[in-house]
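**Q** Fold the following, please.
(chains A, B, C and D)
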Number of protein chains: 4
Amino acid sequence: MIKVGIVGGTGYTGVELLRLLAQHPEVELTAVTSRGEAGTLVSDMFPSLRNRVSIKFSDPATSSLDKCDLVFFATPNGIAMQQAQALLDAGVKVIDLAADFRITDVGEWEKWYGMSHASPALVAEAVYGLPEINREQIRSARLVANPGCYPTATQLGFLPLVEAGCIDTDHLIADAKSGVSGAGRKAEVGILFSEAGDNFKAYGVPGHRHLPEIRQGLTRAAGRPVGLTFVPHLTPMIRGIHATLYGRLTKDVDLQALFESRYAKEPFVDVLPAKSHPDTRSVRAANLCRIAVHRPQGGDTVVVLSVIDNLVKGAAGQAVQNMNIMFGLDESTGLMQVPVLP
Amino acid sequence: MIKVGIVGGTGYTGVELLRLLAQHPEVELTAVTSRGEAGTLVSDMFPSLRNRVSIKFSDPATSSLDKCDLVFFATPNGIAMQQAQALLDAGVKVIDLAADFRITDVGEWEKWYGMSHASPALVAEAVYGLPEINREQIRSARLVANPGCYPTATQLGFLPLVEAGCIDTDHLIADAKSGVSGAGRKAEVGILFSEAGDNFKAYGVPGHRHLPEIRQGLTRAAGRPVGLTFVPHLTPMIRGIHATLYGRLTKDVDLQALFESRYAKEPFVDVLPAKSHPDTRSVRAANLCRIAVHRPQGGDTVVVLSVIDNLVKGAAGQAVQNMNIMFGLDESTGLMQVPVLP
Amino acid sequence: MIKVGIVGGTGYTGVELLRLLAQHPEVELTAVTSRGEAGTLVSDMFPSLRNRVSIKFSDPATSSLDKCDLVFFATPNGIAMQQAQALLDAGVKVIDLAADFRITDVGEWEKWYGMSHASPALVAEAVYGLPEINREQIRSARLVANPGCYPTATQLGFLPLVEAGCIDTDHLIADAKSGVSGAGRKAEVGILFSEAGDNFKAYGVPGHRHLPEIRQGLTRAAGRPVGLTFVPHLTPMIRGIHATLYGRLTKDVDLQALFESRYAKEPFVDVLPAKSHPDTRSVRAANLCRIAVHRPQGGDTVVVLSVIDNLVKGAAGQAVQNMNIMFGLDESTGLMQVPVLP
Amino acid sequence: MIKVGIVGGTGYTGVELLRLLAQHPEVELTAVTSRGEAGTLVSDMFPSLRNRVSIKFSDPATSSLDKCDLVFFATPNGIAMQQAQALLDAGVKVIDLAADFRITDVGEWEKWYGMSHASPALVAEAVYGLPEINREQIRSARLVANPGCYPTATQLGFLPLVEAGCIDTDHLIADAKSGVSGAGRKAEVGILFSEAGDNFKAYGVPGHRHLPEIRQGLTRAAGRPVGLTFVPHLTPMIRGIHATLYGRLTKDVDLQALFESRYAKEPFVDVLPAKSHPDTRSVRAANLCRIAVHRPQGGDTVVVLSVIDNLVKGAAGQAVQNMNIMFGLDESTGLMQVPVLP
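**A** Numbers count the residues shown, from 1 in each chain, chains lettered A, B, ... in the order given. Here you go, the predicted structure:
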């Protein structure tokens, strides 16, 4: 049994991690810390976990996280970078679900996240936890930077094209739509039911923090800098990301075959038949990315549709997938939930 | 392994049954019939089941349902009553998720359902599949009538009070609210997104088919005829039933202790602490009923709040629970999914 | 033209008041105050008002509200009671959309609202602004206490029965469901989209502030103290209240005729034909209450269904209706918007 | 007073037209026809219109539509083309809200709509009713083809760029998102609440009927054929379209000034300040298009965000705007409703 601790279990990625870990056969949940909620039963805050998670939130100061085999950070940005080194020194592996270790260029990170980085050395060591690219490095990693939700959906959709060198990588367009849980469990007016309900809008068009993360990943895959326009939108649903991706083809390829072959061995990426339109609910509450590729009217524009559940393949599920890889378990252990539809 | 067939797998109770059975360790799914969809892969209709359910819908005429150990009817009312006898004769057990065998009084059934009953004899044999009342009879039943969704939430909420004889059973009130999936996967204008969304309404106030079913169950528990006003409402969510129940107390009792003691050994009924308000999402996609009991301002009116997922404890989950009991399995087998929140 | 000021225009009742007043032919909007937003264009905060409301939020300290003919308070509870007297002394009429002047019994008010009342004398003077009961007093009032949303829907539904003396007023039950905008435009976790969406729950069952307000109104109508169980629920829609009301009949009356005759001359109460089920969207964005009355199965329980838009007939619309009465205008002036459906 | 008839008033564009016409000071509603609902009070089908629309649906065969000054067709595609000629011959003006007269190239129309055109001659006469382009021709038109919803939002967003000749018109991309009411009031499984709710998906990527309509409009504006990739999506809200438009800049222009100047005199197009993100609710239930233009990170990709209410500026409101122009009224008559927010 893997002894697991969670730092910051009061947000949506935290409760989703708890849902998945409570059903994982190889995990023993040891501690869930929260400064504000120390002493409260986890299941008092999240009644969905009654009779399934019996521990209380504990004070970070007194929790023996260094006795764990693995600690997940489900915290806001800027926390893991302060605490990861001590845990690693104590022999504990770390998966950060926030953004602290995702961007290799520390200066770039500091510009987008508006703070100084506390552990530049660890940035260099951390492995970007997208198993479909970095499986082998994850296997031996001490520290994994779990990808963002938009970056997961967008990279998985563009990768086959970029790796095959068949699109103009100077002008990629990612038009992405997210459910509201992607904004977190924070008391903010903009994500109230009466604000975000029955409404649709773009946000962050001048610049969003996931832009450099996606650009970095696609640049690695392309072997040269890519140009990307990234427009996120808020859509009135709870879970789900739908990325609609556009690129100009530079070569004639069998797109369907390209995608199917790229992901043939991936347990959590499902390429749909030609002419399909994946809906986000087809992956709701499951660790899956479903993708369809189109070439409308046979023109030179390729359109990729990529859907995930932002809290699962876009956060907690991918983190568990990374854990499974790091600890030598079957990659699917505890992640075989069938999507909930309707 | 239990060989299972499903008649009519194209509705919401059908796809939910498939979701649960695909994760059940003791079930081998043998056939899913549909006249209209014969030959179609089940997962083409429900992409959430891709790579998890590999069979096609088959024609009822040519499907060897009589080779199954158990057949679920996830059909409209009036189908199971025509086909159950032949299956029983072939030694197949049957669970009907529709209403054909729920009402013992055949005349009453015919009045509310507007058709003649094709198998009155089987009505007498069928066991009403609410395990919290009929567990022992279910164990040895050949034919189980799986309860309706409103009746499950309402009966579980009223039972402790009625059994204890501490409320006026002549004037029970059940104000129930259902998500739209309760109306089924039918092409009807009234349940379109643009009709049922951002809207709330009562329906069936003059009389709803679940009224006689609830009244029958509570009458058995009371040992005398009960009077019930039942008002169902449609609420703009997909899954979930919230029953708000009102009764006049005739004796002074410790309500909290009464409820906790009644359900102490029930694996799928959870009595919340005093002063709680269960929300429907706390049972979303899980086979659970959560209940809270209140006595506002210490008056003589008791208020019970009872929530279920209409497709799980209110339909497919309860059916699987009944199957587990009928086949001597642990009652929780395949039913331990943690609710999906948010 | 009536010179109108609004104190606190940044909440939902504020923006709704602005929507209605911007279309009112006899109103000149003079000032909208907000401490936090002083200097911001109202239409920068609410883009729906672009090109329709051209003024900025102004600082309460420097706004000449005493030059207005009428000031609306669209503030949290406890503000109007501190400022109303000075305005009244300056000859300004006041309508408070909060609760400061709704409860005649100051001690009762202080118990439910958890603060000392700053103007008990004004409580005695204030007229409760439900035109269907108090039209004549409103006409000559200086200070109107605009009713709460639940109290409006509930009282209008019960009034014909209580006034006619045909139900047991010791055991009234009001099961009410509200859209989320009823909770206001406040940064609180419980009303986030991801919390309140696809979810249904009761709240405040042990006691809600609208209970004493409803009880007071029905007690006046009955001429004796009434007993009421009031259970509010949160439903995943933005606007709308649906009150389902239950009472025991003590006399045989023609319920349909009773309701139609009671509201025959009311411009904003619409009694539906027998057997109807009003939906909340049928009054969306309009100053209307629609009511249906039922007697299920001919028993002795009467069921009333009463719907309003909580922000219009339950708040801003009713306030404008009161203004029209106070200033001798036709009561419907500026309030004839057709409901928005779908 | 303009005598107005409506053919086919039972869909969403029909009821929205009725909402607007009921509040229009210069309109007398003479007839609303429906084969299926003849004899039913319009307000029995749409209770939102109680006491505001008093007529019944009438049989098309016996309705004297030829006595009207103007007839709106709010019918499925293929109806107006059969009936318009007779009305025009009788001196009645016609506005078709369906697609029969939108595409000038009859062969192209027949390909996309899958039927033979019954009145090719009228196609040549019809004026495409986008006032921001064709105001003068609309003024003298007998027959107006009211634009589709996606085409309205998309063309208004692209027009300034295309007219100014500052983008590559060979590779335009329109990523559009629609509320579910855009699919109409039809009994179809795909738009049920339980299917379209809490879900997001693209559809029609291989080809959608609005593609040729948009291409035609932009081709006229460009003076040469344009290339367009159009991807529509279904988003879980009732009303609203959000078009996110992408193009490659070929010249350096002041985008903000370009848009502001293009629409300076348009009463129903509102260009937002730089860096804005319009949300669909800011135009809910109002005849408005709000637009923002961005150039992310100063690159060569322009991003335009364009929102409308699909039932108003995208259908019924634009039709009334066209009527006002055709009959010499102030263009805003009856169209000054303030958007409903929240």
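**Q** ok, which residues in chain A are in contact with chain C?
**A** Selection of chain A residues close to chain C by Cβ under 8 Å from any Cβ of the partner chain yields A:12, A:179-181, A:185-189, A:191-198, A:236-238. In short, each C-beta sits where N, CA and C put it, glycine included.
**Q** redo that, cut-off 7 Å
**A** Counting by Cβ under 7 Å from any Cβ of the partner chain, chain A comes close to chain C at A:12, A:180-181, A:185, A:187-189, A:191-194, A:196-198, A:236, A:238.
**Q** among the residues you listed, which are in reach of chain D?
**A** Filtering the residues of chain A next to chain C for proximity to chain D by Cβ under 7 Å from any Cβ leaves A:Ser194, A:Asp198, A:Pro236, A:Ile238.
**Q** Drop anything exposed from the residues of chain A next to chain C.
**A** A:12, A:180-181, A:185, A:191-194, A:196-198, A:236, A:238 (16 or more other Cβ atoms under 10 Å in any protein chain shown).
**Q** Tell me which of those fall in helices.
**A** Of the positions in these, A:Tyr12, A:Phe193, A:Ser194, A:Ala196 sit in helices, assigned by DSSP state H.
**Q** returning to what we had before: if we look at chain B, which of the buried ones among the residues of chain A next to chain C are close to it?
**A** Answer for these near chain B (Cβ under 7 Å from any Cβ): A:Tyr12, A:Ser181, A:Asp198, A:Ile238.
**Q** Which one of these is nearest to D:Arg220?
**A** A:Asp198 (34.6 Å; Cβ to Cβ).
**Q** I figured the closest one hits A:Pro236, correct?
**A** Yes: under the contact definition of Cβ atoms under 7 Å, A:Asp198 touches A:Pro236, with a separation of 6.1 Å.
**Q** Tell me which stretches of the stretch 201-342 of chain A form helices.
**A** Along the stretch 201-342 of chain A, counting by DSSP state H, counting those that start in this stretch, helices occupy A:210-222, A:255-262, A:317-326.
**Q** most tightly surrounded among the ones you listed?
**A** helix A:317-326 (a mean of 27; mean count of other Cβ atoms under 10 Å in any protein chain shown).
**Q** that older thread, I'd like the helices of the stretch 201-342 of chain A as JSON lines, with mean pLDDT appended.
**A** Shown next, in JSON lines, are those (pLDDT from 0 to 100):
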{"stretch": "helix A:210-222", "mean pLDDT": "98"}
{"stretch": "helix A:255-262", "mean pLDDT": "98"}
{"stretch": "helix A:317-326", "mean pLDDT": "98"}
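**Q** Of these, which is nearest D:Thr250?
**A** Closest approach to D:Thr250 among those is made by helix A:210-222 (23.9 Å; Cβ to Cβ).
**Q** Would you mind listing the outside residues contacting the closest one?
**A** Contact with helix A:210-222 is made by A:102-104, A:108, A:112, A:148, A:150-151, A:154-155, A:158-159, A:162-163, A:169, A:174, A:225-226, A:228, A:230, as judged by Cβ atoms under 7 Å, 6 or more residues apart in numbering or on different chains.
**Q** Weed out the non-buried ones from those.
**A** Among the contacts of helix A:210-222, those scoring as buried are A:102-103, A:112, A:148, A:150-151, A:154-155, A:158-159, A:162, A:169, A:174, A:226, A:228, A:230 (criterion: 16+ other Cβ under 10 Å).
**Q** re earlier: could you identify the most distant pair in the ones in helices among the buried ones among the residues of chain A next to chain C?
**A** The most widely separated members of those, counting by Cβ to Cβ, are A:Tyr12 and A:Ser194 (19.5 Å).
**Q** these two touch, right, A:Phe101 and A:Val123?
**A** Yes: contact status for A:Phe101 versus A:Val123: in contact at 5.5 Å, counting by Cβ under 7 Å.
**Q** who's more crowded, those two?
**A** A:Phe101 (28 against 19; other Cβ atoms under 10 Å in any protein chain shown).
**Q** Could you measure from A:Asp66 over to chain B?
**A** Counting by Cβ to the nearest Cβ, to the nearest Å, the separation of A:Asp66 from chain B is 28 Å.
**Q** so how far is A:Leu21 from that residue?
**A** If you measure A:Asp66 against A:Leu21 using Cβ to Cβ, to the nearest Å, the figure is 19 Å.
**Q** Mind checking which of the two has more residues around it?
**A** More crowded of A:Asp66 and A:Leu21, by other Cβ under 10 Å: A:Leu21, with 25 against 13.
**Q** Need phi/psi at the more buried one.
**A** According to degrees, to the nearest 10, the main-chain angles of A:Leu21 amount to phi -70, psi -30.
**Q** Without its sequence neighbours, what residue ends up closest to it?
**A** Closest residue to A:Leu21 apart from its sequence neighbours, by Cβ to Cβ, 6 or more residues apart in numbering or on different chains: A:Val27 at 5.0 Å.
**Q** likewise A:Gly184?
**A** In this structure, A:Gly184 finds its nearest non-sequential neighbour in A:Gly11, 5.6 Å apart by Cβ to Cβ, 6+ apart.
**Q** So which residues of the stretch 51-200 of chain A form strands?
**A** Along the stretch 51-200 of chain A, counting by DSSP state E, counting those that start in this stretch, strands occupy A:57-58, A:70-73, A:93-96, A:127-128, A:143-145, A:172-178.
**Q** Any residue of the last one touching chain D?
**A** Meaning strand A:172-178. Yes: shown here: strand A:172-178 in contact with chain D (Cβ under 7 Å from any Cβ) through A:Ile173, A:Asp175, A:Lys177.
**Q** nearest to C:Gln297, of those?
**A** For those, the nearest to C:Gln297 is A:Lys177 (48.4 Å; Cβ to Cβ).
**Q** Tabulate the ones next to chain D among the residues of chain A next to chain C in CSV, adding columns for distance to C:Lys251.
**A** What follows is these, written out as CSV (distance: Cβ to Cβ, whole Å):
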residue, distance to C:Lys251
A:Ser194, 43
A:Asp198, 44
A:Pro236, 48
A:Ile238, 49
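**Q** Tell me which of the helices of the stretch 201-342 of chain A sits nearest to C:Ala90.
**A** Of these, nearest to C:Ala90 by Cβ to Cβ is helix A:210-222, at 54.8 Å.
**Q** and the closest one, how far from the chain's centre?
**A** Average the C-alpha atoms of helix A:210-222, do the same for its chain, and the two points are 14 Å apart (Cα atoms, centre = their mean, to the nearest Å).
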